[in-house]
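A.B. asks: The sequence isn't on hand, but the structure is:
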Ligand SMILES: O=c1[nH]cnc2c1ncn2[C@H]1C[C@H](O)[C@@H](CO)O1
Ligand SMILES: [Zn+2]
């Protein structure tokens with residue numbers, strides 16, 4: 001027996017998830033059910049295990065663009081209020097059963113109007129599903145509304161986020177293919193959100209490098225970075241006992257405690273990192289960047305928060321203190337009010353980890 005936290009033990013720890021796509025986390029069985037009910041005939045398989053495997057393999061191409069093609073099938077079955085509510089409830093349920101106590105789940109409302117729903121109807125159906133999961137499991141779920149970076153609806157989606165800010169929408173995001181679609185295309189939306197005292201994160205530094213991160217932070221004013229792995233390009237590790245040098249952007253990100261929503265398995269699939277043990281998260285954690293650990297797309301990556309943690313434990317030898325550090329980082333970086341974050345840190349996360357460390361008898 002090793003001294004490191006096991007997957008089963010990690011499942012019992014109170015965890016926080018900031019970067020998880022609703023349309024990237026469906027259960028294969030649910031996709032098949034809804035496809036049958038709604039007459040969607042485009043699925044690559046109608047067998048649960050085959051479909052699960054298909055999503056993972058099709059997402060393994062090493063290209064973000066190819067990875068994103070798999071969402072055609074999940075989005076296709078998320079076009080009715082019933083389907084959206086079911087998918088949202090099940091996401092909350094799956095996370096709660098994995099030990100997640102607070103989650104921010106994101107999706108792009110503009111992708112769910114093919115069946116005739118309005119943007120408001122989409123948001124309301126998803127919020128209902130999350131509320132059902134909260135009531136049943138005690139998990140807390142905040143919604144982030146995403147605008148697609150290749151489209152031109154970000155201002156509209158930002159306004160939608162503000163309209164539902166008191167009903168569970170806690171922030172905004174942009175996602176989609178990164179190369180060729182810089183975040184500054186959506187500057188109006190970001191400036192509007194800032195004027196509204198709102199919060200947003202931007203997918204940046206995943207499939208494109210430092211200029212994307214620089215724009216997201218210094219032009220758009222992002223509160224957090226989705227992925228941000230390429231910040232590593234601004235860090236020099238000379239070796240031979242020489243000190244590590246941070247460029248100005250990397251230093252800014254660390255000094256300002258800008259949270260990095262890191263998603264290790266997803267990064268391997270899209271080619272943003274070669275292996276877990278070579279993933280920049282190891283160095284960034286050592287350098288005390290505000291690193292958080294996330295799933296991105298549980299279906300495409302066949303993962304969970306606990307599994308992401310278990311992989312990091314295996315690659316870097318992390319112990320309970322490290323896992324607690326990632327978790328507190330994530331809770332500090334959430335988009336809900338400060339007093340609520342503090343209550344979860346002091347009332348749930350710290351006591352939960354203390355109890356677990358005591359139960360397993362090691363730090
Ligand atoms: O890792 C990602 N990078 C960029 N875009 C992504 C990623 N994962 C999911 N998306 C896209 C596809 C979804 O349809 C959309 C909204 O959740 O966000
Ligand atoms: Zn993402």
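C.D. replies: Cool, the structure landed. Predicted, not measured: the structure shown is a model, and the values here were computed from it. Residues are numbered from 1 along each chain as shown. Ligands and ions are numbered 1, 2, ... in the order given.
A.B. asks: ends of stretch 286-298, how far apart?
C.D. replies: By C-alpha to C-alpha, to the nearest Å, the extent of stretch 286-298 from end to end equals 26 Å.
A.B. asks: what's the model's confidence in that stretch, averaged?
C.D. replies: Confidence over stretch 286-298 (mean pLDDT, whole number) is 98.
A.B. asks: do the same with stretch 86-94
C.D. replies: Average pLDDT, stretch 86-94: 99.
A.B. asks: Determine how far stretch 33-43 lies from the middle of the whole chain.
C.D. replies: Stretch 33-43 has its C-alpha centroid displaced from the chain centroid by 27 Å (C-alpha atoms, centre = their mean, to the nearest Å).
A.B. asks: Can you give me the buried ones in that stretch?
C.D. replies: Buried residues in stretch 33-43, counted by 16 or more other C-beta atoms under 10 Å: 34-35, 38, 43. Placement of C-beta: from N, CA and C, glycine included.
A.B. asks: How many residues are close by residue 142?
C.D. replies: Residue 142: 20 surrounding residues under other C-beta atoms under 10 Å.
A.B. asks: Run through the helices of the stretch 151-300 of the chain in chain order.
C.D. replies: Per DSSP state H, counting those that start in this stretch, the stretch 151-300 of the chain carries helices over the ranges 154-163, 187-195, 210-214, 248-255, 264-269, 281-286, 298-301.
A.B. asks: what angle do the longest helix anywhere in the chain and helix 154-163 make?
C.D. replies: The single longest helix within the chain, with elements called by DSSP state H, is helix 119-137. Here helix 119-137 runs at 40 degrees with respect to helix 154-163, directions being taken by axes from the mean of the first three to the mean of the last three C-alpha atoms, to 10 degrees.
A.B. asks: quick one: contacts of helix 119-137?
C.D. replies: Contacts made with helix 119-137 from outside it, assessed by C-beta atoms under 8 Å, 6 or more residues apart in numbering, are listed as 22, 81-82, 84-93, 96-97, 105, 107, 109-110, 112-113, 117, 139-141, 143, 145, 156-157, 160, 163-164, 167-169.
A.B. asks: Tell me the strands beside whichever helix or strand comes after that helix, with direction?
C.D. replies: Sequence order places strand 140-148 as the next helix or strand after helix 119-137, per DSSP states H and E. As defined by DSSP bridges, the strand partners of strand 140-148 come to strand 100-107 (parallel), strand 169-175 (parallel).
A.B. asks: related to what we said a few turns ago, of the helices of the stretch 151-300 of the chain, flag the one that's most buried.
C.D. replies: helix 298-301 (a mean of 26; mean count of other C-beta atoms under 10 Å).
A.B. asks: With ligand 1 in mind, check whether that helix reaches it.
C.D. replies: No. If you take C-beta under 6 Å from any ligand atom as the test, helix 298-301 misses ligand 1, and the best it gets is 7.7 Å.
A.B. asks: Mind giving me the packing neighbours of that helix?
C.D. replies: Packing contacts for helix 298-301, counted by 3 or more C-beta pairs under 8 Å, 6 or more residues apart in numbering; DSSP states H and E, involve helix 48-58, helix 264-269.
A.B. asks: Could you name the helices and strands sitting against the first one?
C.D. replies: Translated: helix 48-58. When contacts are defined as 3+ C-beta pairs under 8 Å, 6+ apart, helix 48-58 packs onto helix 28-38, helix 298-301.
A.B. asks: could you give the mean pLDDT of stretch 226-244?
C.D. replies: 96.
A.B. asks: can you list the strands paired with strand 140-148 in CSV and add mean neighbour count?
C.D. replies: Compiled in CSV, the strands paired with strand 140-148 are given as follows (neighbours: other C-beta atoms under 10 Å):
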stretch, mean neighbour count
strand 100-107, 25
strand 169-175, 25
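A.B. asks: List, one by one, the residues from this structure near ligand 1.
C.D. replies: Taking C-beta under 6 Å from any ligand atom as the criterion, the neighbours of ligand 1 within the chain are 21, 23-24, 64, 68, 71, 75, 106-108, 111, 146, 175-176, 203, 206, 266, 296-297.
A.B. asks: List the contacts of residue 324.
C.D. replies: Each residue near residue 324 by C-beta under 8 Å, 6+ apart is listed here: 13, 349-350, 353.
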